[in-house]
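Q: Need a 3D model of the sequence below.
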Amino acid sequence: MTLEAPHLDPAFLNSQSLAYRVVPVYSRLMRYKTGDDVAFGEVIIEPDLAERWEIARDGKTYTFHLRKGVKWHNLPPVNGRELTAEDVLFSYTRLWKTETSAQSPWFIAVQNIEATDKYTIKVTMKDPSATFFTLMAHAWAFIHPREVVERDGDVKLMTIGSGPFIMSKRQRDVKTELRRNPNYFIADIPYLDGVDVFFIPDDTAALAALRATQIDWLGLERSIEIKSIRETRPDMVMAQRYLGLSHNFHFATDVPPFNDDKLRKAVSLTLDRDRDIKIFLGGEGEYATIPSGNWKGWTLSTEELGEHNYWKRNLQRARKLLEEGGYPIPYEVPFLHNLLFDARVAGYVSDLNESGLFKLKVRPVTREEYLSGAFIGRYSAGYNFTMGGLGLALEPGLMLTEKYHPKQPVRNNSRVNDPILTKMIEEQDTIMDVEARKKKIHEIQRYAATKMYYAPLTQGFAYLYRQPYVRNLTETAQFNMGDVWRSVWLKK
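A: Numbering: from 1, shown residues only. Down below sits the predicted model:
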């Protein structure tokens, strides 16, 4: 197929996600291969800033050799200077050592990082890590300039990188404009002259914009929207179908009453996930799991958990657990009603109340209250129970670490601190043999099911629809849109 000349400003939609607005501006040492020939969840690592690397036989030393002549974007305060190993060292050290860094757990096995010369980075590990190399290719391991951090304190005010696109304009809650980096270190890349990332909060308006060819790409999850686009625009290309975002109930498991696994299991057994799949997911969905079901072969289905399958509604079994725990029936439980997922939360609240087993004392919380509170494990006094988003796994072992490891600063929103589970999670990351590591992750999943620190709910299918003239645009499980957009082109 002949490559057409690039076209200016294809428009894409997002929901203010940094993956679409910021990631295309930056580079990392490695990147994930993307495109129409890569399946969702498939991980193929390619060179980015590092043109080559060596990994020691014992898995404890990584040596990365950088491309020479890579330039930062020609914007102050860096003004297009050369990117060197000192920049990588600064960025990695900041991600690793900053107390509030969500990436600090990625470096848990790292002993030392050094720039051995201007173009070489050496990483020494305390132990081999099956996830470290993969995570260094992820979007959030991006390399950022020291000058911006020293001037502004962080990289939130000024987005400058060495990636395929330059952020030329940002209007909060309206649009972000990304333009082709003319000095990108790979010749003739990207193909697009620019990407406009719109923020359209209303789903109906976003669908109408796609239908009218005002935007070129849109992710859909609601069955009514998918049916509409199929009927009104049969020429539209359905580029991908994958398990999307999921939800879960999470608890403060380190304080009463939810430090009792019998109570957590009883809650889970009272929830009607099949109703959720039927009503909210149009009949197309699965029970959510940790890790996500997108990681085929790595994740056990709920059926494979046997007697520790607490996903299917079973009120008799739930009642027995409450009785064994000595709880009065109905048991009154304070509950934070997360308005971010209002309708779905209401359905599950009804499940609990109408079962006769529970009586929820409900206090609503806004999106902002949730994100600054229970989402990061900071529950309101007496309210240790809520529903939130579970998110997609970037890597199966990483998802286990995020949800269960006590040193995870953000994602462990059930405040899990189980020494047995922690040891198992740390062990799986030292297993370099793929099949042996899969078995360990299955063992972890079985053990976690016996505790039910979270009550995973459902996971619907997400669809990526694109205009028929858009080529080579598919998402990755890592949502590295910089990798994706650098190779997208348009045939008009």
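Q: So V237 versus Q467, what's the distance?
A: 7 Å (Cβ to Cβ, to the nearest Å). In short, each C-beta sits where N, CA and C put it, glycine included.
Q: give me the number of residues near M136?
A: By other Cβ atoms under 10 Å, 23 other residues sit near M136.
Q: quick one: average pLDDT of the helix or strand containing G388?
A: Per DSSP states H and E, G388 falls inside strand 385-389. For strand 385-389, mean pLDDT is 90.
Q: go on, stretch 23-37?
A: Stretch 23-37 comes out at a mean pLDDT of 88.
Q: Which residue ranges of the stretch 201-350 of the chain form strands?
A: With DSSP state E, counting those that start in this stretch applied, the stretch 201-350 of the chain shows strands at 217-220, 237-251, 285-287, 331-338, listed in chain order.
Q: and of these, who's closest to T61?
A: strand 237-251 (35.4 Å; Cβ to Cβ).
Q: List the buried residues of that closest one.
A: Of the residues in strand 237-251, 237, 239-240, 242-244, 246-251 count as buried by neighbour count, 16 or more other Cβ atoms under 10 Å.
Q: Can you list the helices and strands that that strand packs against?
A: helix 261-270, strand 385-389, strand 454-466 (3 or more Cβ pairs under 8 Å, 6 or more residues apart in numbering; DSSP states H and E).
Q: and the ones you listed as CSV, adding distance to H308 and mean neighbour count?
A: Below are the helices and strands packed on strand 237-251 laid out as CSV (distance: least, Cβ to Cβ, whole Å; neighbours: other Cβ atoms under 10 Å):
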stretch, distance to H308, mean neighbour count
helix 261-270, 9, 24
strand 385-389, 21, 22
strand 454-466, 13, 23
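Q: and V197, that's in a helix?
A: No: under DSSP: H, G, I helix; E, B strand; the rest coil, V197 sits outside any helix and is assigned strand.
Q: Please report the distance of the residue nearest to it when sequence neighbours are not counted from L394.
A: Counting by Cβ to Cβ, 6 or more residues apart in numbering, V197 lies nearest to T176, which is 4.4 Å off, once chain neighbours are set aside. T176 sits 23 Å away from L394, going by Cβ to Cβ.
Q: same check, this time on V148
A: 25 Å.
Q: Any stretches of the stretch 1-150 of the chain with poor pLDDT?
A: 1-19, 41 (pLDDT under 70).
Q: the strands in it, which residues?
A: 11-14, 30-32, 45-47, 50-55, 61-66, 110-117, 120-125.
Q: so can I have CSV of these showing distance to E369 and mean neighbour count?
A: Converted to CSV, those look like this (distance: least, Cβ to Cβ, whole Å; neighbours: other Cβ under 10 Å):
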stretch, distance to E369, mean neighbour count
strand 11-14, 24, 20
strand 30-32, 35, 22
strand 45-47, 39, 14
strand 50-55, 42, 15
strand 61-66, 42, 20
strand 110-117, 35, 13
strand 120-125, 40, 20
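Q: Which helix runs longest in the chain?
A: helix 434-451 (DSSP state H).
Q: Can you list the buried residues in that one?
A: In helix 434-451, counting by 16+ other Cβ under 10 Å, buried: 437-438, 440-442, 444-445, 448-449, 451.
Q: what's it packed up against?
A: Short answer (3+ Cβ pairs under 8 Å, 6+ apart): helix 434-451 packs on helix 261-270, helix 396-404, helix 419-428.
Q: Now with 6 Å, please.
A: On a contact count with 3 or more Cβ pairs under 6 Å, 6 or more residues apart in numbering; DSSP states H and E, helix 434-451 meets helix 419-428.
Q: Return the residues in contact with the residue nearest to L398 when sequence neighbours are not counted.
A: Spatial nearest neighbour of L398, chain neighbours left out: T131 (5.5 Å); criterion: Cβ to Cβ, 6+ apart. Neighbour list for T131: 395, 397-398, 429 [criterion: Cβ atoms under 6 Å, 6 or more residues apart in numbering].
Q: 8 Å - rerun?
A: 106, 395, 397-398, 401, 429 (Cβ atoms under 8 Å, 6 or more residues apart in numbering).
Q: Present the residues you listed as a markdown table; the columns should include distance to D342 and neighbour count.
A: Converted to a markdown table, the contacts of T131 look like this (distance: Cβ to Cβ, whole Å; neighbours: other Cβ atoms under 10 Å):
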| residue | distance to D342 | neighbour count |
| --- | --- | --- |
| W106 | 34 | 25 |
| E395 | 31 | 22 |
| G397 | 33 | 26 |
| L398 | 30 | 23 |
| T401 | 30 | 23 |
| D429 | 38 | 22 |
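Q: all helices for the stretch 51-200 of the chain, in order.
A: Ranges of helices in the stretch 51-200 of the chain, per DSSP state H, counting those that start in this stretch, are 85-97, 132-135, 146-152.
Q: I'd like to know which elements the last one is packed against.
A: Read it as helix 146-152. helix 85-97.
Q: quick revisit: looking at the buried residues of strand 237-251, which one is closest to L357?
A: Nearest member of the buried residues of strand 237-251 to L357, counting by Cβ to Cβ, is F249, at 14.7 Å.
Q: how close does the residue lying closest to that closest one once chain neighbours are set aside sit to R446?
A: Counting by Cβ to Cβ, 6+ apart, A455 is the residue found nearest to F249 once chain neighbours are left out, at 3.9 Å. A455 is 17 Å from R446, where distance means Cβ to Cβ.
Q: and if you look at M399?
A: M399 is 16 Å from R446, by Cβ to Cβ.
Q: again with F165
A: 44 Å.
Q: what do you get for G153?
A: For G153 relative to R446 (Cβ to Cβ), the value is 45 Å.
Q: correct me, but E284 touches T458?
A: No: applying Cβ atoms under 8 Å, one finds E284 not in contact with T458, separated by 10.5 Å.
Q: and for these two, which residues touch both?
A: I277.
Q: quick one: pLDDT of R211?
A: Looking at R211, its pLDDT stands at 91.
Q: S414 too?
A: The predicted local confidence for S414 is 95.
Q: Enumerate every residue touching it.
A: 250-253, 377, 403, 453-454.
Q: same thing but at 7 Å, please
A: Applying Cβ atoms under 7 Å, 6 or more residues apart in numbering to S414 gives the contacts 250-251, 253, 453-454.
Q: In terms of distance to I420, which of these ranks first?
A: Y453 (12.1 Å).
Q: hmm, back to that, relative to R471, which of the helices of the stretch 51-200 of the chain is closest?
A: helix 132-135 (27.2 Å).
Q: Can you spell out which helices and strands pack onto that closest one?
A: Contacting helix 132-135 under the criterion 3 or more Cβ pairs under 7 Å, 6 or more residues apart in numbering; DSSP states H and E is no other helix or strand.
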